[in-house]
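S.K.: Build me a model from this:
(one chain, ligands or ions: 1)
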Amino acid sequence: MADLLPWDRDGLDREDRFHEECGIFAIHRHGDAAAHTILGLHALQHRGQEAAGVVSFDGRHFHSHRAIGLIGDTFSKRWVVDSLPGHAAIGHTRYATTGATALRNVQPLFADMAFGGFALAHNGNLTNAQRLRHRLVEQGSLFQSTTDTEVLVHLIARSKKTTLVKRLVDALDQVEGAWSLVALFDDGIVAVRDPLGVRPLVMGELDGATIFASETCALDILGAAFVRDVEPGEMVVVDGRGVHSSHPFKSRPRRFCIFEYVYFARPDSVVEGRGVYEVRKRIGAELAREAPAEADLVVPVPDSGVPAAIGYAQASGLPFELGIIRNHYVGRTFIEPTDSIRHLGVKLKHNANPATLGGKRVVLVDDSIVRGTTSTKIVAMVRNAGAREVHMRIASPPTTHSCFYGVDTPERSKLLAARHNLEEMARIIGVDSLAFLSIDGLYRAVGEPARMGEARAFCDACFTGDYPTRLVDHDQGETGAQMSVLLEEAGR
Ligand code: AMP
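M.R.: The predicted structure is shown next:
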């Protein structure tokens, strides 16, 4: 899900802020549904760290709690769990925007509809939501939030179909982009994934209860069994009569997000049949083969560079050392709103160890370079700690394009690799040598040929610019016109 307005109503420029990433969770037929949802969201915290929400259903009423902050801080209190009774619940964790608009954008969204209550949690991003929202507003819809996800709520409310599930399909037929969704209604829960299957969604089982979660690590925390991935384009409805699967959408070649393997998913998750940790180690090994370095040590930028650095060290035969220590009591620097704070954030988060690095030629491994802010600071830190040479190795291809499918990336002009060639990037970051994994190397590590027939096997648009859907809202001419309408609205 993402925010649609180009800046908050308080006037803060959000062009340089981030789209949201999210984790979603649902459980049906469990006596302790809310507590399990909260634990599941805790395991999915890496997918969104600024806000979370849970909606439960007790057979008569819906209950909801939404809060800004980490799950452990905001949902661990007994009274919160007690305020969410019921046998079914869904939850969502997200990066939120700051300011007055924050809480109303926290999911699950909830609406009382003609057919009853309905809660919705979304991971992904709808690429034609601005256009749809504009049309809906013209037709009289009153939006409560600025998220793309709310467009779905209005489309469902306006649908002429007779059942909730048919209305949901009708709404989803009108949207484009990436959507893994879980929904809660008075008869059960629904889990659904877009036909490309861009974002993950898995099904699990615990003591007869059915669970859906963004990643398997949310099942592991509960001791739940992994059943299977929800398939691209599949809708699974779980109600009193059982589990019903259907494929109501036009089928398309699958395009799972390859960046989930590079950075986003937790290393202990199994995503689309592949262990993320294993893939990341293979990525490191490919990188060592493609871009060897004359060096003494391999050092990861923790935590995200660790598995790839292990793979690099194993394949190259160089010793692996933790030359940078991470302070785990701060959030990801990436979510900080301004450059100045982000710079400070890197120092808060990492410290280089002179005892390990002094006088050494270091291969420094990180998963990706986005703006280059992190790398520049880390390299300076490693040099200050006495490293003699720094050879930066990046465990993904250059990030040259923004993501419009729910991964947090800045606009294209802020991407280092969109503006500079390799030599320039090496100079800016301050390294003796710089190399990125090739796109073919990435596919080899994942274990797929880059193409399945005509289409690419994954969504790798952030590296190739090959977007698997139309980007209706981001088309230049249109965006300008729509933005002015939205801005007018925002100013009212
Ligand atoms: P930058 O400083 O902008 O180059 O950010 C790159 C760093 O951010 C890398 O160390 C990654 O581990 C991390 N990163 C990459 N993509 C994301 C993302 N979508 N959200 C949060 N962090 C990210």
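S.K.: Report the residue spans of the protein with pLDDT below the cut-off.
M.R.: For the chain, the stretches with pLDDT under 70 are 1-20, 96-101, 330-346, 475-492.
S.K.: Please state the backbone phi and psi of residue 445?
M.R.: Per-residue torsions, residue 445: phi -60, psi -40 (degrees, to the nearest 10).
S.K.: I figured it hits residue 285, correct?
M.R.: Yes: look at residue 445 against residue 285 with C-beta atoms under 8 Å: they come within range, at 7.5 Å. Bear in mind the C-beta positions are built from the backbone N, C-alpha and C, glycine included.
S.K.: Which residue of the two possesses the greater neighbour count?
M.R.: Each of residue 445 and residue 285 has its neighbours counted (other C-beta atoms under 10 Å); residue 445 has more, 27 against 21.
S.K.: Pull out the buried positions in the longest strand anywhere in the chain.
M.R.: When the chain is parsed with DSSP state E, its longest strand is strand 116-126. By 16 or more other C-beta atoms under 10 Å, the buried positions in strand 116-126 come out as 117-126.
S.K.: can you check stretch 306-324 too?
M.R.: For stretch 306-324, a neighbour-count test (16+ other C-beta under 10 Å) marks 306-313, 315-316, 318, 320-321, 323-324 as buried.
S.K.: Residue numbers of this protein in contact with the ligand?
M.R.: 263, 301, 304, 332, 334, 366-375, 407-409 (C-beta under 6 Å from any ligand atom).
S.K.: Which of the residues you listed fall in helices?
M.R.: In this view, those that belong to helices under DSSP state H are 373-375.
S.K.: What's the ChimeraX line that selects buried ones from these?
M.R.: A single ChimeraX command selects the buried members of those (16+ other C-beta under 10 Å):
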select :373,374,375
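S.K.: Hmm, residue 83 and residue 38 touching each other?
M.R.: No: contact between residue 38 and residue 83 fails when scored by C-beta under 8 Å: they sit 11.6 Å apart.
S.K.: Tell me which of these two has more neighbours.
M.R.: The residue with more neighbours, out of residue 38 and residue 83 and counting by other C-beta under 10 Å, is residue 38; that gives 24 against 14.
S.K.: Could you say which helix or strand holds the more buried one?
M.R.: Assessed by DSSP states H and E, residue 38 sits inside helix 33-43.
S.K.: what sits up against that helix?
M.R.: For helix 33-43, contacts defined as C-beta atoms under 8 Å, 6 or more residues apart in numbering pick out 23, 25-27, 30, 52, 54, 56, 63, 71-72, 75-76, 80-81, 84-93, 206, 209, 211, 213, 215, 217-222, 266.
S.K.: likewise stretch 349-357?
M.R.: Here stretch 349-357 makes contact (C-beta under 8 Å, 6+ apart) with 297, 299, 301-302, 321-327, 330, 333, 377-378, 381-382, 384-387.
S.K.: That stretch spans what distance, first to last residue?
M.R.: Counting by C-alpha to C-alpha, to the nearest Å, you get 18 Å between the two ends of stretch 349-357.
S.K.: Pull the distance from that stretch to the chain's centre.
M.R.: In terms of C-alpha atoms, centre = their mean, to the nearest Å, the centre of stretch 349-357 is set 29 Å apart from its chain centre.
S.K.: now stretch 55-71
M.R.: 22 Å.
S.K.: which parts of that stretch are buried?
M.R.: Within stretch 55-71, the residues scored as buried using 16+ other C-beta under 10 Å are 55-57, 62-67, 70-71.
S.K.: Among these, which ones are in strands?
M.R.: Applying DSSP E to those, the entries found in strands are 55-57, 62-67.
S.K.: List just the nearest of those residues to the ligand.
M.R.: Taking C-beta to the nearest ligand atom as the measure, the ligand sits nearest to residue 67 out of those, at 21.4 Å.
S.K.: Pull the contacting residues for that closest one.
M.R.: Residue 67 sits in contact with 51-53, 74-75, 103, 106, where contact means C-beta under 8 Å, 6+ apart.
S.K.: Top of these by number of neighbours, please.
M.R.: The member of these surrounded by the most neighbours (other C-beta under 10 Å) is residue 52, with 33 neighbours in all.
S.K.: For that residue, which three-state class applies?
M.R.: strand (DSSP: H, G, I helix; E, B strand; the rest coil).
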